[in-house]
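Asks: All I have is the shape, not the residue letters:
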């Protein structure tokens, strides 16, 4: 399984790999569980990022997204937060450190000795007096302590008051003050970058909500739209999508028809799945102990036909007969033991399940964009394409669009993010020109020879005011049917070429003059 946080864990520039892994997992699990607590990792382990992370995760917009319980979306948000951490750390590293000179001065005094002390201390004391309050650090106190150490006062009684020990204590105090300022400075940068990140993040969430509303006819999987909301979709004219979304809402029968296409494929799958039993005859040697073929020994039993002569002698003596009957009741009579190997036939019933490969195949849609389709037929055909694409995206089924009149336009809609602008271009175009369906059907048949669309259904939308398919095309259609490809026609209008539609498995009719036509069509489809 691919680790979505591997980039941060492996190449991140804060902490070590173990801590980075802990940070990534904690953020992800925190959002997944909708926890209201802090992430619980000390600032020392996150290099001062804990406060910023907690602030981001506490935001209501983030929590609202996480309530959708979409692990893929939460993964994407986690990756964005991890990128913020890494990028901010890079910014800190590139920014001039305001405490370089103070650290250098501290290091000089840390390496100072008694001989150099007086000169070094003058510089240090002057700097500390100008920089810190007496409450933070008192140079006069340390100056007196250093003086005492030189005079060896009380040194024998208290060795901790040696020059070296006082110097070490002083450096620790000074280092803590520098680290505190350093952390505060870094947190100011982190907070500035956090605000910038959150502004971008919340803008993205706002755009995501718009995008989700615009593309609801296509997908409700919000994680699919997260990347699109980062600015990749603003140039797209979503008014076109809205227009066809409204058509779908108004004519629910169109959407029912598209849903039916998906259900038909599943029904076929269930019908083709069958259980059957086979009976296998296997020969094997079976031991028959009651068959008197081979004498193999003596045993205790109640088998009167195999009694030893010594046991039958008990019956001859009236005084011993009760012993015979007792042994008989307890099955302890001495009897011969026989065995025979007999070849027998065993029947084994095997239940098997035979099922075709996954029937959830792709869609290849051929749309007639000739002038005779202009108007209502154009809207119906475009809207049906819209609905079929929605099913394809929802079910992760590949979809290929072929529009035809006097020329072909092909569009692979499998990758929704990269093809949406081309789809809108198709939905925006006007239908005109003559009708020549043969090249479109040939293109669809060629696609069936590819691995990507080998199991596709072919759907042709047209008024079918066209000549018959040429003979080579008809032959190819028959061969494709033998491989279980389904050919569906949606006839829009009442004038059609009856010879052409005979090449299809199913012919669905939509009378543009009948408001109940699509409803009738859907009801008829339910009989399949």
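Replies: Received it, and whenever you're ready, just let me know what you need. The structure displayed is predicted, hence computed values, not measured ones.
Asks: who's in contact with the closest residue to residue 66 other than its chain neighbours?
Replies: Counting by C-beta to C-beta, 6 or more residues apart in numbering, residue 66 lies nearest to residue 31, which is 4.5 Å off, once chain neighbours are set aside. Yep, even glycine has a C-beta here, placed from its N, CA and C like the rest. Contacts for residue 31 (C-beta atoms under 8 Å, 6 or more residues apart in numbering) come out as 57, 62, 66, 74, 77-78.
Asks: Give me the subset of the residues you listed that lies in helices.
Replies: 57, 62, 66, 74, 77-78 (DSSP state H).
Asks: and residue 488, how many residues sit next to it?
Replies: Residue 488: 19 surrounding residues under other C-beta atoms under 10 Å.
Asks: Likewise for residue 144?
Replies: For residue 144, using other C-beta under 10 Å, the count is 12.
Asks: Moving C-terminal from the helix or strand harbouring residue 26, which element do we reach first?
Replies: Residue 26 belongs to helix 17-32 when elements are defined using DSSP states H and E. Toward the C-terminus, helix 17-32 is succeeded by helix 43-46 as the next helix or strand (DSSP H and E).
Asks: Look up phi and psi at the nearest residue to residue 457 once chain neighbours are set aside.
Replies: In space, residue 457 comes closest to residue 486 once its chain neighbours are excluded; the distance is 4.8 Å by C-beta to C-beta, 6+ apart. Main-chain torsions, residue 486, degrees, to the nearest 10: phi -100, psi 130.
Asks: Quick check, residue 486 in contact with residue 460.
Replies: No. The criterion here is C-beta atoms under 8 Å, and residue 486 misses it with residue 460 at 11.7 Å.
Asks: Which one of the two is surrounded by more residues?
Replies: More crowded of residue 486 and residue 460, by other C-beta under 10 Å: residue 460, with 26 against 19.
Asks: and the more buried one, what does it touch?
Replies: 366, 368, 437, 440-441, 487-490, 504.
Asks: Among those residues, which lie within strands?
Replies: Using DSSP state E, the subset of the contacts of residue 460 located in strands is 366, 368, 487-490.
Asks: which among the residues you listed end up buried?
Replies: By neighbour count, with 16 or more other C-beta atoms under 10 Å, those hold 366, 368, 487-490 as buried.
Asks: out of these, what pair is the most spread apart?
Replies: Maximum pairwise distance in these, criterion C-beta to C-beta, is 15.0 Å, between 368 and 487.
Asks: picking that back up, ok, now how distant is the residue nearest to residue 457 from residue 506?
Replies: 7 Å (C-beta to C-beta, to the nearest Å).
Asks: Which residues belonging to the helix holding residue 26 are considered buried?
Replies: So for helix 17-32, counting by 16+ other C-beta under 10 Å, buried means 19-24, 26-28, 30-31.
Asks: okay, those residues in JSON lines with pLDDT next?
Replies: Output for the buried residues of helix 17-32, formatted as JSON lines (pLDDT from 0 to 100):
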{"residue": "19", "pLDDT": "94"}
{"residue": "20", "pLDDT": "95"}
{"residue": "21", "pLDDT": "95"}
{"residue": "22", "pLDDT": "95"}
{"residue": "23", "pLDDT": "95"}
{"residue": "24", "pLDDT": "95"}
{"residue": "26", "pLDDT": "95"}
{"residue": "27", "pLDDT": "95"}
{"residue": "28", "pLDDT": "93"}
{"residue": "30", "pLDDT": "93"}
{"residue": "31", "pLDDT": "91"}
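Asks: Turn those into a markdown table, including distance to residue 3.
Replies: Below are those laid out as a markdown table (distance: C-beta to C-beta, whole Å):
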| residue | distance to residue 3 |
| --- | --- |
| 19 | 16 |
| 20 | 12 |
| 21 | 9 |
| 22 | 14 |
| 23 | 14 |
| 24 | 9 |
| 26 | 15 |
| 27 | 14 |
| 28 | 11 |
| 30 | 18 |
| 31 | 17 |
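Asks: Could you single out the nearest of those to residue 299?
Replies: Among these, and counting by C-beta to C-beta, the member closest to residue 299 is residue 21, at 69.9 Å.
Asks: which residues does that closest one contact?
Replies: Neighbours of residue 21 in contact, by C-beta under 8 Å, 6+ apart: 5, 9.
Asks: Now do the strands in the stretch 51-200 of the chain.
Replies: Per DSSP state E, counting those that start in this stretch, the stretch 51-200 of the chain carries no strands over any range.
Asks: Where does pLDDT dip in it?
Replies: 152-160 (pLDDT under 70).
Asks: Could you chop the chain up by domain?
Replies: 6-94, 275-354, 363-525 (automatic domain parsing).
Asks: Rebuild those domains as CSV, extending it with distance to residue 166.
Replies: Listed next are the domains of the chain as CSV, based on distance: least, C-beta to C-beta, whole Å:
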stretch, distance to residue 166
domain 6-94, 28
domain 275-354, 85
domain 363-525, 67
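Asks: among those, which is nearest residue 128?
Replies: The nearest among those, by C-beta to C-beta, is domain 6-94 at 24.9 Å.
Asks: Just the endpoints, please. Distance across the closest one?
Replies: In domain 6-94, first residue to last residue: 24 Å (C-alpha to C-alpha, to the nearest Å).
Asks: still on that earlier bit, which of the domains of the chain comes out lowest on mean pLDDT?
Replies: The weakest mean pLDDT among the domains of the chain belongs to domain 275-354, with a mean of 65.
Asks: Once you drop chain neighbours, what's closest to residue 59?
Replies: residue 198 (7.0 Å).
Asks: picking up where we left off before, tell me the one among the buried ones among the ones in strands among the contacts of residue 460 nearest to residue 432.
Replies: residue 368 (11.5 Å).
Asks: Ramachandran angles for the nearest residue to the closest one once chain neighbours are set aside?
Replies: Closest residue to residue 368 apart from its sequence neighbours, by C-beta to C-beta, 6+ apart: residue 462 at 3.4 Å. For residue 462, the backbone dihedrals (degrees, to the nearest 10) come out as phi -170, psi 170.
Asks: was I right about residue 462 contacting residue 492?
Replies: Yes. Counting by C-beta under 8 Å, residue 462 touches residue 492, with 6.9 Å between them.
Asks: related to what we said a few turns ago, reformat the contacts of residue 460 into TSV and put distance to residue 194 next to each item.
Replies: Output for these, formatted as TSV (distance: C-beta to C-beta, whole Å):
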residue	distance to residue 194
366	52
368	55
437	59
440	54
441	58
487	58
488	54
489	58
490	54
504	60
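Asks: The residue nearest to residue 136 when sequence neighbours are not counted: neighbouring residues, count only.
Replies: Distances taken as C-beta to C-beta, 6+ apart place residue 177 nearest to residue 136, at 6.1 Å, with adjacent residues excluded. Summarising burial for residue 177: neighbours were counted as other C-beta under 10 Å, giving 17.
Asks: Tell me the secondary structure of residue 401, please.
Replies: Under DSSP: H, G, I helix; E, B strand; the rest coil, residue 401 falls in the strand class.
Asks: So in terms of bridging, what pairs with it?
Replies: residue 365, residue 411 (DSSP bridges).
Asks: Now for it, how many residues are close by?
Replies: 21.
Asks: Quick check, residue 103 in contact with residue 178.
Replies: Yes. Assessed by C-beta under 8 Å, residue 103 is found in contact with residue 178 at 6.4 Å.
Asks: which residues touch residue 496?
Replies: 463-465.
Asks: Please spell out which residues along stretch 448-455 are buried.
Replies: Result for stretch 448-455 [16+ other C-beta under 10 Å]: buried residues 448, 453, 455.
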